[in-house]
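K.L.:
For reference, the sequence and a predicted model appear below.
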Amino acid sequence: MKVVALVSGGKDSCYAMMKSIHYGHQEANSRINKTDRHQELGYRTTQGDEVEDMFILLREVKKQMPEVTAVSSGVVASDYQRLRVESVCSRLGLVSLAYLWKQYQSLLLQEMILANRILAVTVKSMCRNKACSLC
């Protein structure tokens, strides 16, 4: 399948793209610049939302590359993200590929580092715990 990969630049989306390639898919990418406006769990079409940007972008990809039939995302545990990707895919007749969905994060990280020799570097910690030894 020809696949569009949704890549944030983080380890999960990059690894999901690697998995897609491993399973024989070919990748095609672009960029989304808006933010989320509809923040409830279930998604409904909301003008100006980043999801609608993704819809427009993927619709254009389908128009220019009709052989694209799937979208790869690095969603692991977020129903919020998964439902949005699945909404767009459903509206466009695309298959949503979420190879990392519901995998144990510690095992997934071990697979990334040990089996695939990925070097992940934390650039910014979002932890607000002052007692945390990592911060």
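P.N.:
Yes, it's here. Numbers count the residues shown, from 1 in each chain.

K.L.:
strand partners of the least confident helix or strand in the chain by mean pLDDT, parallel vs antiparallel please.
P.N.:
One helix or strand of the chain scores below all others by mean pLDDT, DSSP states H and E: strand 26-28, with a mean of 76. Here strand 26-28 is paired, per DSSP bridges, with strand 2-5 (parallel).

K.L.:
ok, back up a step: state the next helix or strand along the chain beyond the least confident helix or strand of the chain.
P.N.:
helix 50-64 (DSSP states H and E).

K.L.:
I'd like the mean pLDDT over the helix or strand that that following helix is followed by, please.
P.N.:
Next helix or strand after helix 50-64 toward the C-terminus (DSSP H and E): strand 68-72. Regarding strand 68-72, the rounded mean pLDDT is 94.

K.L.:
Also stretch 106-122?
P.N.:
Rounded mean pLDDT across stretch 106-122 is 84.

K.L.:
Please apply the same query to stretch 80-93.
P.N.:
pLDDT averaged over stretch 80-93 gives 93.

K.L.:
quick one: contacts of it?
P.N.:
By CB atoms under 8 Å, 6 or more residues apart in numbering, the residues outside stretch 80-93 that reach it are 6, 41-43, 51, 54-55, 58-59, 62, 70-71, 73, 75, 94-96, 98, 101. For every residue, glycine as well, the C-beta is placed using N, CA and C.

K.L.:
out of those residues, which are buried?
P.N.:
Neighbour-count burial (16 or more other CB atoms under 10 Å) is assigned, among the contacts of stretch 80-93, to 6, 43, 51, 54-55, 58, 62, 70-71, 73, 75, 94, 96, 98, 101.

K.L.:
ok, which pair from those is furthest apart?
P.N.:
Pairwise distances across those peak at 23.1 Å for 62 and 101 (criterion: CB to CB).
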